[in-house]
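Q: Need a 3D model of the following:
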Amino acid sequence: MSRSKLAKATITPGEPAAIYCRISHTRDEDQTGVDRQERICREIAERLQLRVESTHVYVDNNRSAWQRNRKRPGWEEMLKAMGEGEIRHVIVYHPDRLMRQPKDLEELLSIADDKRILLHGEANRRDLSDPDDRFILRIEVAHACRSSDDTSRRLKEALKDHAREGRPHVGNRPYGYTRDGRAIVEEEAEIVREVYRRFLDGESPNHIAQDLAARGIPTSKGKTWNPENVRHLLSSHFVAGLRFHLGEEVAVGTWPAIIDRGQWDEVQRLKEYRAQQHRDTKKRPLRNYILRGVVTCACGARMSGSNSVRYPYYRCTRADNTDQEKCNRSVSAVPLEAFVRDVAIKVLTQLDTSGYEPATTTRPEADTIADEKDRTKLRELKEMWLSDDDFTTADFKAMRAPIIKRMKERQRKTVKRPIAVLEGIAGPEAQVNWERLEEVEDHARMNAIYRFLFAAVIVRPPTRKGRGFDTDRVDIEPNPLDY
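A: As a prediction, this is how the structure comes out:
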């Protein structure tokens, strides 16, 4: 920029100026505090003989300028003051304190077009109405935005690695655990186990919350339990020792589990079943499709209950597809459910659950050792990727994938499904016990038993024509019962 152009932007002593300060949570290279930023800006104002009113000091503390949807009240108030002609100068420690998104700069320039605003920093000043200065500012902001994108990308990758290594990510103290999430608080852990057991036994989150509140048991924040707290606990990956990242299970946690994986899985299925029941009651008269989550089409897709109350049936979930994967297979619900019911009762009659040992959250020592070795390998891979330019990201991901898969398979092998769902049902009196469930319309319990006994009820194309239910088109795949 030429000196002649800078000379055009004259400064008259006593002109009104604004100071803008900001600091974010993120670890920027320059984390100059807000107080120090204001002090430096006031020194600049004094040197330039500019007047700064207390109402024209704008501060956005802990607000990142490069998060696109983050509100910045100080920034917005300053733009308003500029537009109304209250200030002609803006003093800032560095332009990246003021703006990191190109849209911020364009918003500033649109106001400065007819106000001849000057921007002052610790090392320079810019005339926002000067084409050359505007050009330089656009380059600086573009560079800052790119830097922010790079930082964001590195942070996201670091969080992924943190999750894949099974390390805990703790905000508020998880109920049942110490503040860092690495040790169990046994008194609270007993409540966690009680909540899961009672939910599987058929109690609602509302009833459980009311009871905990009546007993004076506080949450991890010291507050009274409510249904939402209970639902949150029932959905918690943390209590099952599972590490999720962006909704995807990525590792077994390095912290101790309170709830075994099988029980946790069963609770998630029961929650979904109850939620679907609730949705159904809003859409149409209630008809409980008790094979939901179990009945599967031979094409590989799930089958869901129809809207028909008079002639209920299960149909393939691909029936609404418009592509080549469309499948119109359906089966009458009443005879299918009767057939599966008879098979289930026969299996239950022969089952003896008396020698069953409850599932444990303690994993085999060999698996724990193998997991730690694999975590070490993941860390070594990451270090190689970061230090060796020839070690590409594709190579890193390809070498990491089998390790993560191996860890997940080890975890799945130790899963035991909760036998509690069969208590009071299995044995010689299974027929009578089942009829009792039907009398009280405990559809959720019956569905849970079906899911315990059967991996899938597969519906194939009809094998014959005519009346009567075609049992040959139904294959029932049992779950292993070596509990």
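Q: Point me to the helix or strand that includes residue 55.
A: Residue 55 belongs to strand 51-61 when assigned by DSSP states H and E.
Q: Let's test this: mean pLDDT of the helix or strand just after that strand, rounded?
A: Downstream of strand 51-61, the first helix or strand assigned by DSSP H and E is helix 73-83. Averaged across helix 73-83, pLDDT comes to 89.
Q: Check stretch 302-322 too.
A: Here the average pLDDT along stretch 302-322 is 86.
Q: buried set for that stretch?
A: Buried residues in stretch 302-322, counted by 16 or more other C-beta atoms under 10 Å: 303, 305, 306, 312, 313, 314, 315, 316, 318, 319. (C-beta placed from N, C-alpha, C; glycine too.)
Q: What about those, which are in strands?
A: 303, 305, 313, 314, 315, 316 (DSSP state E).
Q: Please identify which of the buried residues of stretch 302-322 is nearest to residue 340.
A: Nearest to residue 340 among those is residue 314, at 11.0 Å by C-beta to C-beta.
Q: quick one: contacts for the residue nearest to the closest one when sequence neighbours are not counted?
A: Nearest residue to residue 314, sequence neighbours excluded (C-beta to C-beta, 6 or more residues apart in numbering): residue 303, at 4.2 Å. When contacts are counted by C-beta atoms under 8 Å, 6 or more residues apart in numbering, residue 303 touches 295, 296, 297, 314, 315, 316, 317, 329, 330, 331, 459.
Q: Please apply the same query to residue 33.
A: residue 23.
Q: Keeping just the C-alphas, turn the helix or strand encompassing residue 190 into PDB.
A: Using DSSP H and E, residue 190 sits within helix 186-200. The C-alpha trace of helix 186-200 is given here as PDB (Å, rounded to 0.1, in the frame of the first residue of the first chain):
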ATOM      1  CA  GLU A 186     -20.700 -48.100  44.500                       C
ATOM      2  CA  GLU A 187     -23.600 -46.500  46.400                       C
ATOM      3  CA  GLU A 188     -24.800 -44.800  43.100                       C
ATOM      4  CA  ALA A 189     -23.900 -47.900  41.000                       C
ATOM      5  CA  GLU A 190     -26.500 -49.900  43.000                       C
ATOM      6  CA  ILE A 191     -29.100 -47.300  42.000                       C
ATOM      7  CA  VAL A 192     -28.000 -47.600  38.300                       C
ATOM      8  CA  ARG A 193     -28.400 -51.400  38.500                       C
ATOM      9  CA  GLU A 194     -31.800 -51.000  40.200                       C
ATOM     10  CA  VAL A 195     -33.100 -48.600  37.500                       C
ATOM     11  CA  TYR A 196     -32.100 -51.000  34.700                       C
ATOM     12  CA  ARG A 197     -33.600 -54.000  36.500                       C
ATOM     13  CA  ARG A 198     -36.900 -52.200  37.200                       C
ATOM     14  CA  PHE A 199     -37.200 -51.000  33.600                       C
ATOM     15  CA  LEU A 200     -36.700 -54.500  32.300                       C
END
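Q: one step back: how near is the residue nearest to residue 314 to residue 169?
A: 37 Å (C-beta to C-beta, to the nearest Å).
Q: next one: residue 15
A: Taking C-beta to C-beta, one finds residue 15 at 50 Å from residue 169.
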